[in-house]
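**Q** When you get a sec, could you give me coordinates for this:
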Amino acid sequence: MAPMLGLLPNVGSISMLTANEASLFARLEKVEKFRQELGSQHDSALWKRLSAEAEMLRCVLDWIAQRKEAPL
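**A** Below you'll find the predicted structure:
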């Protein structure tokens, strides 16, 4: 989540990520496609970095979806 916080003007404004949902989803699709293209190179540093980025994006998108279902 730390890289996403770098995008925000204030640390407490995590809800501003919702405005970027489409971009975040597009990035997740791009990362997943790139991981598939790498194939069996699961032990490479690039594979690990892409896996971590994909997981972070999934977490953020899940959080956004939960906020939509149960707004404060």
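**Q** in this structure, what spans have low per-residue confidence?
**A** In the predicted model of the chain, residues 1-15, 40-42, 71-72 satisfy pLDDT under 70.
**Q** ranges for the strands of it?
**A** With DSSP state E, there are no strands along the chain.
**Q** Look through it and tell me its longest helix.
**A** In the chain, with assignment by DSSP state H, the single longest helix is helix 45-69.
**Q** so how far is it from its chain's centroid?
**A** In terms of CA atoms, centre = their mean, to the nearest Å, the centre of helix 45-69 is set 3 Å apart from its chain centre.
**Q** in that helix, what counts as buried?
**A** 47, 50, 53-54, 56-57, 60-61, 63-64 (16 or more other CB atoms under 10 Å). Just so you know, the C-beta spots here come from the backbone N, C-alpha and C atoms, and that holds for glycine as well.
**Q** Repeat that for stretch 23-39.
**A** By neighbour count on 16+ other CB under 10 Å, the buried set for stretch 23-39 is 24, 28, 31, 35.
**Q** right, and the pair among the residues you listed with maximum separation?
**A** Spanning the widest gap among the buried residues of stretch 23-39 are 24 and 35, at 16.4 Å by CB to CB.
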